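In: predicted model, plus sequence, below.
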Amino acid sequence: MGTRPNNAAPVVSLTHGDYTAMDLTTFLIAAAGSPLHMRPVATIAGEVAAASVRNGTAHWLAGSARAFGAVELLSRTANGIATTVTPVPGLMHALKGEPELRARTEAALHRLTGPRPNWAGFALDRTLIMGILNVTPDSFSDGGQFADPTRAIAHGRALVAAGADIVDVGGESTRPGAAPVSPDDEFIRIGPVIQALATSGTVISVDTRHASVMARALDAGARIVNDIAALSRPGAIEVAAKTRAPIVLMHMQGEPPTMQRAPRYDLASLDIVEFLEARIAACVSAGIAHDAIVVDPGIGFGKTKAHNLEILARVGLLHDLGTGILIGASRKSFLGGAVDARLAASLAVAIHAVEQGVQILRVHDVAETRAAIAATEALATAP
């Protein structure tokens, strides 16, 4: 699209440091030939959503009970990152006579709207809760509290009783500044816990970046691999492909000991989507089914407070990957205050994520999060 129609709105460009916001026509000219990413905005629910979908002014979001009536488009152009926000009907009207760009836009809309397939035995049309179980002496929130296997098993059962759909068991702290743990020591911590909980029917995800720990944990009864390194370490992608385990690919800039030393991004949300897009492609090339993948932007892993907030504000951009989304912001330091005083802020992030169509929340406070989700959904569908 190389010219501006005579009846187009005046050109509007506003630079925000990391990106330039433009009117739709200017954006389409600037982004011609560049990769296009799309974020749903103006999400709605209940009868308003259903009526808007019926009359063509909104689309269902990822097969859920929420819909969106507008999108933010983002693209890397010759002059940097450009964005625009537009109602979907207006966007499609503007693309008449632009078959190539219209085809790319329709493909992006399909990624946003398509129902997500079942993952790890769960339908992703409702919010799942993944309860955190750190079998470590040094995790930032509860280090040492569940290092004893008996206490860890009891806490895992308590998480399920409180409403957790999945229990995420980890044996290596990956908080900022944390020292690495050998794979053998990591599995010694978590192996008995996974086996005991899995035997009682609990759905277990293993939080590890080591291929040998993944394999041993899956043999012990874990069903899901949750990897902060997005299966980039030696042997990890092969284990996932061979076992066909559902996986979580997380973004992390740097390594835990040093990741908080001046992390940098062009635009954090877009950089992360592009990273995860590449990791998904690598996984699919290795024989991992796209349907087996959920993505996590890695809140707090090589990000400043400003980065975390921008990522969460644009969390819907992850829908552009066509997978389920997991958010783990519970009790993290960017929320402010002491660790044991971050419940309210954690719940605020959880509610925001639910309203943006996020399917999985990784949390410490399961009962409180479950109650917050229930209230959010009740309000969204109230007559």
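Out: Thanks, I have the structure now.
In: what residues sit buried inside stretch 156-170?
Out: For stretch 156-170, the neighbour count (16 or more other Cβ atoms under 10 Å) marks 156-157, 159-160, 162-170 as buried. For every residue, glycine as well, the C-beta is placed using N, CA and C.
In: could you tell me the end-to-end distance of that stretch?
Out: 12 Å (Cα to Cα, to the nearest Å).
In: from the chain's centre, how far out does that stretch sit?
Out: A distance of 20 Å separates the centroid of the chain from that of stretch 156-170, by Cα atoms, centre = their mean, to the nearest Å.
In: need the residues that contact that stretch.
Out: 120, 122, 128-136, 139, 152, 190, 193-194, 196-197, 200, 202-208, 217, 222, 224, 226, 360, 362, 366-367, 369-370 (Cβ atoms under 8 Å, 6 or more residues apart in numbering).
In: so for that stretch, what's the average pLDDT?
Out: Computed over stretch 156-170, the mean pLDDT rounds to 98.
In: number of residues surrounding Arg342?
Out: As a burial measure, Arg342 scores 22 neighbours (other Cβ atoms under 10 Å).
In: isn't Thr84 right next to Ala70, touching?
Out: No - look at Thr84 against Ala70 with Cβ atoms under 8 Å: they stay out of range, at 10.4 Å.
In: which one's more surrounded, the two?
Out: A count of neighbours by other Cβ under 10 Å puts Thr84 above the other of Thr84 and Ala70, at 23 against 18.
In: residues in contact with the more buried one?
Out: Neighbours of Thr84 in contact, by Cβ under 8 Å, 6+ apart: 21-24, 26-27, 72-73.
In: how far away is it from Val349?
Out: As judged by Cβ to Cβ, to the nearest Å, Thr84 and Val349 stand 27 Å apart.
In: which of the contacts of stretch 156-170 are buried?
Out: 120, 122, 128-136, 139, 152, 190, 193-194, 196-197, 202-208, 217, 222, 224, 226, 360, 362, 366-367, 369-370.
In: please flag which of these sit within strands.
Out: Of the buried ones among the contacts of stretch 156-170, the ones assigned to strands by DSSP state E are 128-134, 204-207, 224, 226, 360, 362.
In: the stretch 251-383 of the chain: strands as residue ranges?
Out: Assigned by DSSP state E, counting those that start in this stretch, the strands in the stretch 251-383 of the chain fall at 293-296, 324-327, 360-363.
In: adding distance to Thr174 and mean pLDDT, write these out as a markdown table.
Out: Listed next are the strands of the stretch 251-383 of the chain as a markdown table, based on distance: least, Cβ to Cβ, whole Å; pLDDT from 0 to 100:
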| stretch | distance to Thr174 | mean pLDDT |
| --- | --- | --- |
| strand 293-296 | 13 | 98 |
| strand 324-327 | 15 | 98 |
| strand 360-363 | 13 | 98 |
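In: can you give me the helices for the stretch 151-300 of the chain?
Out: Counting by DSSP state H, counting those that start in this stretch, residue ranges of the helices within the stretch 151-300 of the chain are 183-199, 211-220, 236-243, 268-285.
In: elements contacting the last one?
Out: Going back to what we said before, that points to helix 268-285. helix 236-243, strand 247-250, strand 293-296, helix 305-313 (3 or more Cβ pairs under 8 Å, 6 or more residues apart in numbering; DSSP states H and E).
In: change it to 10 Å
Out: strand 37-45, strand 66-77, strand 80-87, helix 236-243, strand 247-250, strand 293-296, helix 305-313 (3 or more Cβ pairs under 10 Å, 6 or more residues apart in numbering; DSSP states H and E).
In: what are the pairing partners of the fifth one, and which direction each?
Out: Each strand pairing with strand 247-250, determined using DSSP bridges, is listed with its direction: strand 224-227 (parallel), strand 293-296 (parallel).
In: ditto for the third one
Out: Taking DSSP bridges as the criterion, strand 80-87 sits next to strand 20-22 (parallel), strand 66-77 (antiparallel) in its sheet.
In: name the residues of it that are buried.
Out: The neighbour-count check on strand 80-87 (16+ other Cβ under 10 Å) flags 81-87 as buried.
In: and the fourth one, by the same measure?
Out: By neighbour count on 16+ other Cβ under 10 Å, the buried set for helix 236-243 is 236-241, 243.
In: what's the closest of these to Ala49?
Out: Ala240 (35.6 Å; Cβ to Cβ).
In: please name the residues that touch the closest one.
Out: 211, 214-215, 218, 225, 227, 231, 246-247, 249, 283, 286-288, 292-293 (Cβ atoms under 10 Å, 6 or more residues apart in numbering).
In: quick check: it vs Gln253, distance?
Out: 22 Å.
In: leaving out chain neighbours, which residue sits closest to Pro183?
Out: His210 (4.3 Å; Cβ to Cβ, 6 or more residues apart in numbering).
In: need phi/psi at that neighbour.
Out: phi -110, psi 130 (degrees, to the nearest 10).
In: how many other residues sit next to Thr381?
Out: Going by other Cβ under 10 Å, the residues that sit close to Thr381 add up to 12.
In: I'd say it and Ala374 touch.
Out: No - the pair Thr381 / Ala374 is not scored as a contact, 11.1 Å apart, by Cβ atoms under 10 Å.
In: residues in contact with stretch 282-291?
Out: For stretch 282-291, using Cβ under 10 Å, 6+ apart, the contacting residues are 116-119, 230-232, 236-238, 240-247, 249, 280-281, 292-293, 321-324.
In: could you find the closest non-adjacent residue to Trp60?
Out: For Trp60, the closest residue by Cβ to Cβ, 6+ apart turns out to be Ala67, at 5.3 Å.
In: is the one you found in a bridge, and if so with what?
Out: Counting by DSSP bridges, the residues bridging with Ala67 are Ile44, Trp60.
In: ok now do it, which residues does it touch?
Out: Here Ala67 is in contact with 40, 42-46, 48-53, 57-61, 113, 357 (Cβ under 10 Å, 6+ apart).
In: could you pick out the buried ones from these?
Out: The neighbour-count test (16+ other Cβ under 10 Å) marks 40, 42-46, 49, 52-53, 58-61, 113, 357 as buried among the contacts of Ala67.
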